[in-house]
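Asker: Any chance you could fold what I've pasted below:
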Amino acid sequence: MSDQPPLSRLDLNLLVALDALLTERSVTRAAQRLHLSQPALSASLARLRTHFGDAILARRGNAYELTPLAVRLTEYTSAALEAARRVFDAQADWSPEDSVREFSIYGSDYSFATIGRAVSRLAAERAPGVRFRFMLHNPAIIDDIDTRLRYVDGLLMPHGFLDSLPYVDLSSDDWLVVASADNDRAAEGVTMELIGASPWVFTYQSRTAFTSASRQLQQLGIEPRIAAVVESFLTLPLYVAGTDRLGLVQAGLARIIQASGDVVLRTPPFDATPVKNALWWHPVHDRDPEHEWMRALFAEAADSARI
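Answerer: Numbers count the residues shown, from 1 in each chain. Presented below is the predicted three-dimensional model:
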(Lines give C-alpha, C1' and ligand atoms only; values in the text may rest on other atoms or scores of the structure.)
Protein backbone atom coordinates (compact mmCIF):
# COMPACT_ATOMS: atom_id res chain seq x y z
CA MET A 1 0.00 0.00 0.00
CA SER A 2 1.27 3.49 -0.87
CA ASP A 3 2.46 5.73 1.97
CA GLN A 4 1.33 8.79 0.01
CA PRO A 5 -1.84 10.50 1.29
CA PRO A 6 -4.83 10.08 -1.05
CA LEU A 7 -5.37 13.02 -3.37
CA SER A 8 -8.82 13.54 -1.92
CA ARG A 9 -7.22 14.60 1.37
CA LEU A 10 -5.13 17.31 -0.25
CA ASP A 11 -6.45 20.83 -0.66
CA LEU A 12 -5.48 21.74 -4.20
CA ASN A 13 -6.13 25.39 -3.41
CA LEU A 14 -2.85 25.22 -1.50
CA LEU A 15 -1.12 24.68 -4.84
CA VAL A 16 -2.35 28.08 -6.02
CA ALA A 17 -1.22 29.69 -2.78
CA LEU A 18 2.17 27.97 -2.99
CA ASP A 19 2.71 29.18 -6.55
CA ALA A 20 1.94 32.78 -5.55
CA LEU A 21 4.21 32.60 -2.51
CA LEU A 22 7.10 31.12 -4.48
CA THR A 23 6.69 33.74 -7.22
CA GLU A 24 6.21 36.81 -5.04
CA ARG A 25 8.40 35.71 -2.09
CA SER A 26 6.14 37.80 0.09
CA VAL A 27 2.92 36.98 1.92
CA THR A 28 1.62 40.50 1.35
CA ARG A 29 2.27 40.55 -2.40
CA ALA A 30 1.04 36.98 -2.83
CA ALA A 31 -2.21 37.87 -1.03
CA GLN A 32 -2.67 40.89 -3.29
CA ARG A 33 -2.03 38.77 -6.36
CA LEU A 34 -4.70 36.26 -5.32
CA HIS A 35 -7.11 38.95 -4.03
CA LEU A 36 -7.05 37.41 -0.57
CA SER A 37 -6.55 38.89 2.88
CA GLN A 38 -3.07 38.63 4.35
CA PRO A 39 -4.30 36.53 7.33
CA ALA A 40 -5.94 34.07 4.92
CA LEU A 41 -2.72 33.57 2.98
CA SER A 42 -0.68 33.39 6.18
CA ALA A 43 -2.94 30.51 7.21
CA SER A 44 -2.24 28.78 3.89
CA LEU A 45 1.50 29.27 4.40
CA ALA A 46 1.23 27.72 7.86
CA ARG A 47 -0.50 24.65 6.39
CA LEU A 48 2.16 24.39 3.69
CA ARG A 49 4.92 24.58 6.27
CA THR A 50 3.27 21.78 8.25
CA HIS A 51 2.81 19.63 5.16
CA PHE A 52 6.39 20.00 3.91
CA GLY A 53 8.07 20.30 7.29
CA ASP A 54 9.88 23.34 5.90
CA ALA A 55 9.65 27.11 6.33
CA ILE A 56 9.21 27.69 2.54
CA LEU A 57 9.91 31.40 3.13
CA ALA A 58 12.75 32.30 5.49
CA ARG A 59 13.23 35.83 6.75
CA ARG A 60 16.55 37.49 5.90
CA GLY A 61 16.64 40.96 7.40
CA ASN A 62 13.63 42.87 6.08
CA ALA A 63 12.93 40.44 3.25
CA TYR A 64 12.10 36.79 2.71
CA GLU A 65 14.11 34.21 0.80
CA LEU A 66 13.09 30.84 -0.54
CA THR A 67 14.43 27.85 1.33
CA PRO A 68 16.37 25.24 -0.69
CA LEU A 69 13.25 23.05 -0.78
CA ALA A 70 11.13 25.98 -1.99
CA VAL A 71 13.58 26.61 -4.82
CA ARG A 72 13.14 23.00 -5.93
CA LEU A 73 9.36 23.30 -5.63
CA THR A 74 9.22 26.37 -7.87
CA GLU A 75 9.42 24.49 -11.13
CA TYR A 76 7.26 21.57 -9.99
CA THR A 77 4.54 23.91 -8.79
CA SER A 78 4.16 25.83 -12.04
CA ALA A 79 4.16 22.56 -14.01
CA ALA A 80 1.52 21.04 -11.71
CA LEU A 81 -0.70 24.10 -12.02
CA GLU A 82 -0.40 24.04 -15.80
CA ALA A 83 -1.33 20.35 -15.85
CA ALA A 84 -4.35 21.02 -13.62
CA ARG A 85 -5.50 23.83 -15.88
CA ARG A 86 -5.30 21.52 -18.88
CA VAL A 87 -7.44 18.93 -17.12
CA PHE A 88 -10.23 21.40 -16.39
CA ASP A 89 -9.92 23.29 -19.68
CA ALA A 90 -10.49 20.11 -21.69
CA GLN A 91 -13.72 20.09 -23.69
CA ALA A 92 -15.72 17.22 -25.19
CA ASP A 93 -16.37 19.27 -28.31
CA TRP A 94 -13.51 21.51 -29.30
CA SER A 95 -13.22 23.90 -32.21
CA PRO A 96 -10.09 25.97 -32.88
CA GLU A 97 -12.22 28.96 -33.90
CA ASP A 98 -13.67 29.23 -30.37
CA SER A 99 -10.64 28.04 -28.39
CA VAL A 100 -8.60 30.24 -26.06
CA ARG A 101 -6.00 27.57 -25.33
CA GLU A 102 -2.33 28.44 -24.95
CA PHE A 103 0.17 26.01 -26.48
CA SER A 104 3.68 26.07 -24.99
CA ILE A 105 6.63 25.10 -27.17
CA TYR A 106 10.34 24.80 -26.41
CA GLY A 107 12.88 25.56 -29.14
CA SER A 108 15.77 27.71 -30.31
CA ASP A 109 15.53 31.23 -31.70
CA TYR A 110 16.16 29.70 -35.13
CA SER A 111 13.07 27.49 -34.92
CA PHE A 112 10.97 30.37 -33.57
CA ALA A 113 12.13 32.78 -36.31
CA THR A 114 11.24 30.28 -39.03
CA ILE A 115 8.64 27.61 -38.27
CA GLY A 116 7.31 29.29 -35.11
CA ARG A 117 6.61 32.54 -36.91
CA ALA A 118 4.71 30.71 -39.65
CA VAL A 119 2.68 28.77 -37.06
CA SER A 120 1.73 31.97 -35.24
CA ARG A 121 0.50 33.57 -38.45
CA LEU A 122 -1.57 30.56 -39.44
CA ALA A 123 -3.10 30.33 -35.98
CA ALA A 124 -4.08 34.01 -36.11
CA GLU A 125 -6.05 33.28 -39.29
CA ARG A 126 -7.64 30.00 -38.19
CA ALA A 127 -8.04 30.37 -34.44
CA PRO A 128 -7.72 34.00 -33.27
CA GLY A 129 -8.23 33.07 -29.60
CA VAL A 130 -5.43 30.49 -29.54
CA ARG A 131 -2.08 31.65 -28.21
CA PHE A 132 1.40 30.18 -28.49
CA ARG A 133 4.08 30.57 -25.86
CA PHE A 134 7.51 30.01 -27.42
CA MET A 135 10.15 29.31 -24.79
CA LEU A 136 13.89 29.04 -25.38
CA HIS A 137 15.35 25.68 -24.44
CA ASN A 138 18.75 25.12 -22.85
CA PRO A 139 20.96 22.07 -22.18
CA ALA A 140 19.37 21.46 -18.76
CA ILE A 141 15.91 21.31 -20.31
CA ILE A 142 17.01 18.92 -23.05
CA ASP A 143 18.71 16.63 -20.50
CA ASP A 144 15.36 16.35 -18.67
CA ILE A 145 13.14 16.49 -21.74
CA ASP A 146 11.09 13.34 -21.00
CA THR A 147 9.78 15.00 -17.86
CA ARG A 148 9.54 18.49 -19.32
CA LEU A 149 7.41 17.39 -22.27
CA ARG A 150 4.72 16.12 -19.91
CA TYR A 151 3.89 19.70 -19.01
CA VAL A 152 4.42 21.54 -22.29
CA ASP A 153 3.04 20.83 -25.75
CA GLY A 154 6.19 20.26 -27.73
CA LEU A 155 9.82 20.81 -28.57
CA LEU A 156 11.22 22.05 -31.88
CA MET A 157 14.50 20.20 -32.25
CA PRO A 158 16.47 18.64 -35.11
CA HIS A 159 16.93 14.89 -35.27
CA GLY A 160 20.03 13.51 -33.60
CA PHE A 161 19.38 14.51 -29.99
CA LEU A 162 16.22 12.67 -28.92
CA ASP A 163 14.80 9.19 -29.23
CA SER A 164 11.79 7.15 -28.09
CA LEU A 165 9.45 10.15 -28.39
CA PRO A 166 6.75 10.75 -30.99
CA TYR A 167 7.51 13.41 -33.59
CA VAL A 168 6.46 14.86 -36.91
CA ASP A 169 9.07 15.87 -39.45
CA LEU A 170 8.82 19.52 -40.47
CA SER A 171 11.62 20.62 -42.76
CA SER A 172 15.18 20.28 -43.91
CA ASP A 173 17.70 23.12 -43.89
CA ASP A 174 21.29 23.62 -45.00
CA TRP A 175 24.23 25.19 -43.19
CA LEU A 176 26.04 28.38 -44.20
CA VAL A 177 29.30 29.89 -42.96
CA VAL A 178 29.05 33.41 -41.50
CA ALA A 179 31.99 35.77 -42.06
CA SER A 180 32.45 39.47 -41.47
CA ALA A 181 31.75 41.60 -44.54
CA ASP A 182 35.25 43.11 -44.20
CA ASN A 183 36.99 39.74 -43.85
CA ASP A 184 39.12 39.79 -47.01
CA ARG A 185 40.14 36.15 -46.59
CA ALA A 186 36.50 35.10 -47.03
CA ALA A 187 35.74 37.50 -49.87
CA GLU A 188 35.94 34.84 -52.58
CA GLY A 189 34.59 32.01 -50.45
CA VAL A 190 35.61 29.84 -47.52
CA THR A 191 38.23 27.12 -47.83
CA MET A 192 39.12 24.26 -45.50
CA GLU A 193 42.40 26.03 -44.83
CA LEU A 194 40.56 29.15 -43.71
CA ILE A 195 38.24 27.06 -41.52
CA GLY A 196 41.22 25.52 -39.75
CA ALA A 197 43.06 28.83 -39.31
CA SER A 198 40.17 31.05 -38.16
CA PRO A 199 38.73 31.56 -34.69
CA TRP A 200 35.08 30.52 -34.39
CA VAL A 201 31.83 31.48 -32.72
CA PHE A 202 29.87 28.35 -31.80
CA THR A 203 26.38 27.76 -30.48
CA TYR A 204 25.43 25.35 -27.69
CA GLN A 205 28.91 23.89 -27.35
CA SER A 206 28.83 21.22 -24.68
CA ARG A 207 28.86 17.46 -24.35
CA THR A 208 25.12 17.14 -25.03
CA ALA A 209 24.41 20.43 -26.81
CA PHE A 210 25.98 21.13 -30.19
CA THR A 211 25.15 21.56 -33.86
CA SER A 212 25.57 18.79 -36.39
CA ALA A 213 27.80 20.98 -38.56
CA SER A 214 30.20 21.88 -35.74
CA ARG A 215 30.44 18.22 -34.76
CA GLN A 216 31.11 17.40 -38.42
CA LEU A 217 34.13 19.70 -38.46
CA GLN A 218 35.65 17.67 -35.65
CA GLN A 219 34.88 14.46 -37.51
CA LEU A 220 36.81 15.89 -40.47
CA GLY A 221 39.86 16.23 -38.24
CA ILE A 222 39.52 19.98 -37.56
CA GLU A 223 39.48 21.21 -33.98
CA PRO A 224 38.15 24.77 -34.32
CA ARG A 225 39.62 27.44 -32.11
CA ILE A 226 36.51 28.69 -30.29
CA ALA A 227 36.56 32.39 -29.43
CA ALA A 228 32.98 32.63 -28.12
CA VAL A 229 29.95 30.47 -27.44
CA VAL A 230 26.42 31.90 -27.67
CA GLU A 231 23.13 30.07 -27.15
CA SER A 232 21.49 31.97 -30.00
CA PHE A 233 21.73 31.63 -33.76
CA LEU A 234 20.32 35.10 -34.40
CA THR A 235 22.94 36.85 -32.24
CA LEU A 236 25.86 34.74 -33.49
CA PRO A 237 26.56 37.15 -36.43
CA LEU A 238 27.05 40.00 -33.96
CA TYR A 239 30.07 38.15 -32.58
CA VAL A 240 31.45 37.62 -36.09
CA ALA A 241 30.97 41.11 -37.57
CA GLY A 242 34.15 43.21 -37.60
CA THR A 243 36.39 40.25 -36.70
CA ASP A 244 38.22 37.42 -38.44
CA ARG A 245 35.90 34.90 -36.80
CA LEU A 246 33.63 32.44 -38.58
CA GLY A 247 30.33 30.89 -37.53
CA LEU A 248 27.69 28.44 -38.77
CA VAL A 249 24.00 29.22 -39.18
CA GLN A 250 21.04 27.65 -40.94
CA ALA A 251 20.13 28.88 -44.41
CA GLY A 252 16.59 29.59 -43.20
CA LEU A 253 17.98 32.61 -41.32
CA ALA A 254 19.82 34.03 -44.34
CA ARG A 255 17.35 36.83 -45.07
CA ILE A 256 17.29 38.01 -41.45
CA ILE A 257 21.06 37.83 -41.03
CA GLN A 258 21.92 39.55 -44.31
CA ALA A 259 19.65 42.48 -43.47
CA SER A 260 22.31 43.84 -41.12
CA GLY A 261 24.87 44.18 -43.92
CA ASP A 262 27.73 43.55 -41.49
CA VAL A 263 28.28 39.89 -42.41
CA VAL A 264 28.26 37.69 -45.48
CA LEU A 265 27.16 34.08 -45.89
CA ARG A 266 29.26 31.52 -47.70
CA THR A 267 28.71 27.90 -48.73
CA PRO A 268 30.76 25.52 -46.56
CA PRO A 269 33.74 23.87 -48.28
CA PHE A 270 32.55 20.48 -47.03
CA ASP A 271 29.34 18.51 -47.49
CA ALA A 272 27.55 19.73 -44.36
CA THR A 273 24.78 17.38 -43.23
CA PRO A 274 21.42 19.18 -43.51
CA VAL A 275 19.37 19.97 -40.42
CA LYS A 276 16.29 17.73 -40.18
CA ASN A 277 13.80 19.72 -38.11
CA ALA A 278 10.98 18.03 -36.20
CA LEU A 279 8.32 18.72 -33.60
CA TRP A 280 8.56 16.33 -30.62
CA TRP A 281 6.01 15.70 -27.89
CA HIS A 282 5.27 13.37 -25.00
CA PRO A 283 2.96 10.37 -25.66
CA VAL A 284 0.58 11.70 -23.01
CA HIS A 285 -0.60 14.22 -25.66
CA ASP A 286 -1.18 11.66 -28.43
CA ARG A 287 -4.98 11.51 -28.19
CA ASP A 288 -5.60 15.14 -27.36
CA PRO A 289 -7.65 16.55 -30.29
CA GLU A 290 -6.37 20.06 -29.64
CA HIS A 291 -2.81 18.80 -29.72
CA GLU A 292 -3.52 16.92 -32.95
CA TRP A 293 -4.74 20.17 -34.49
CA MET A 294 -1.60 21.93 -33.30
CA ARG A 295 0.66 19.26 -34.81
CA ALA A 296 -1.11 19.52 -38.16
CA LEU A 297 -0.69 23.31 -37.99
CA PHE A 298 3.06 22.95 -37.51
CA ALA A 299 3.32 20.58 -40.48
CA GLU A 300 1.39 23.01 -42.68
CA ALA A 301 3.39 26.00 -41.44
CA ALA A 302 6.68 24.25 -42.20
CA ASP A 303 5.54 23.75 -45.80
CA SER A 304 4.51 27.39 -46.14
CA ALA A 305 7.78 28.64 -44.60
CA ARG A 306 9.74 26.81 -47.33
CA ILE A 307 12.70 26.17 -45.04
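
Asker: Pop out the phi and psi values for Phe132.
Answerer: phi -110, psi 140 (degrees, to the nearest 10).

Asker: give me every residue that touches it.
Answerer: Contacts for Phe132 (CB atoms under 8 Å, 6 or more residues apart in numbering) come out as 102-105, 116, 119-120, 123. For the C-beta atoms, the positions are set from N, CA and C on the backbone; glycine is no exception.

Asker: which of the residues in the worst-scoring helix or strand of the chain on mean pLDDT are buried?
Answerer: One helix or strand of the chain scores below all others by mean pLDDT, DSSP states H and E: helix 68-89, with a mean of 77. Judged by neighbour count using 16 or more other CB atoms under 10 Å, the buried positions of helix 68-89 are 70, 73, 77, 80-81, 86.

Asker: Most neighbours of all the contacts of Phe132, which one?
Answerer: Val119 (28 neighbours; other CB atoms under 10 Å).

Asker: mind checking pLDDT for the residue nearest to Val275 when sequence neighbours are not counted?
Answerer: Sequence neighbours aside, Asp173 is the residue nearest to Val275 in space, at 4.4 Å (criterion: CB to CB, 6 or more residues apart in numbering). pLDDT for Asp173: 94.

Asker: start at 26 instead
Answerer: All set: I'll call the first residue 26, so the last point we hit is now Asp198.

Asker: give the contact list for Asp198.
Answerer: 139, 275-277, 299-300, 302, 332.

Asker: do the same with Pro121
Answerer: By CB under 8 Å, 6+ apart, the residues touching Pro121 are 151-152, 155, 315, 318.

Asker: now do 7 Å
Answerer: Counting by CB atoms under 7 Å, 6 or more residues apart in numbering, Pro121 touches 151-152, 155, 318.

Asker: Could you pull up phi and psi at it?
Answerer: Note on Pro121: its backbone torsions stand at phi -60, psi -30 [degrees, to the nearest 10].

Asker: what's the spacing between it and Ala303?
Answerer: 22 Å (CB to CB, to the nearest Å).

Asker: same question, His162
Answerer: 14 Å.

Asker: Glu49 now?
Answerer: In terms of CB to CB, Glu49 sits 38 Å off from Ala303.
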